[in-house]
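1. A structural model of the following input is requested.
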Amino acid sequence: MTAGPSAVEVRSSEIDGQGVFAKRAFRSGEAILEIDDSRVVDDLHPLTADDLARHCDYLAGAKVVLMPSPERHINHSCDPNTFVRTVAGIRLVTALREIAAHEEITYDYCINGSGDTVWACRCGAFRCRHEIHSDFFHLPVELQREYLPLLDTWFREERAAEVARLQNL
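-> Presented below is the predicted three-dimensional model:
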């Protein structure tokens, strides 16, 4: 069971635009939000002009979904306090550590990430990488190893050879 949207609020973020903030404290391992993956983006259901402030997520089997609020406002951080894990077919934003009330909820967009998108990071974390490459396997190897337990099952399966190489280092 998740805390749900009523346990968070969307407001201005120092990281970037809008962010998602905890309305109460969360324990490490607690599910904060269920991610709504119902809006699939494909040839039959393309993005429209109404999809303002769009934020897509890329999933197993090249599935693309348009994330609604509040989850579309979760900002990237190089020192995240959550990660996303699929449980019984539902993607959950889960606390990686204790999260204080009013703290911004963040995750590292590179966990379970693929592709060649590169952007400047403004997260402000002590361990900020400053430039982010969307693909998990472009992270520094020590960070890949730290994040290895956080990888979703579908990502481990689709990138099995690379995960195996990492585990054998």
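2. Show me which residues of stretch 17-24 are buried.
-> By neighbour count with 16 or more other Cβ atoms under 10 Å, stretch 17-24 contains the buried residues Gln18, Gly19, Val20, Phe21, Ala22. C-beta: built from backbone N, CA, C; applies to glycine.
3. quick one: the helix or strand where the third one lies to chain centroid distance?
-> Using DSSP states H and E, Val20 sits within strand 18-22. Its chain's C-alpha centre lies 13 Å from the corresponding centre of strand 18-22 when counted by Cα atoms, centre = their mean, to the nearest Å.
4. can you check stretch 17-34 too?
-> For stretch 17-34, the distance to the chain centre is 12 Å (Cα atoms, centre = their mean).
5. ditto for stretch 146-166
-> Worked out by Cα atoms, centre = their mean, stretch 146-166 lies 15 Å from the chain centre.
6. Rounded mean pLDDT for that stretch, please.
-> Averaging pLDDT along stretch 146-166 yields 92.
7. So what touches it?
-> With contact meaning Cβ atoms under 8 Å, 6 or more residues apart in numbering, stretch 146-166 is reached by 59-61, 83-86, 91, 96, 108, 110-112, 114, 136-137, 139, 141, 144-145, 167.
8. Make a PyMOL selection of the buried ones in the residues you listed.
-> Selection of buried members from these for PyMOL, criterion 16+ other Cβ under 10 Å:
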select buried, resi 59+83+84+85+86+91+96+108+110+111+112+114+136+139+144
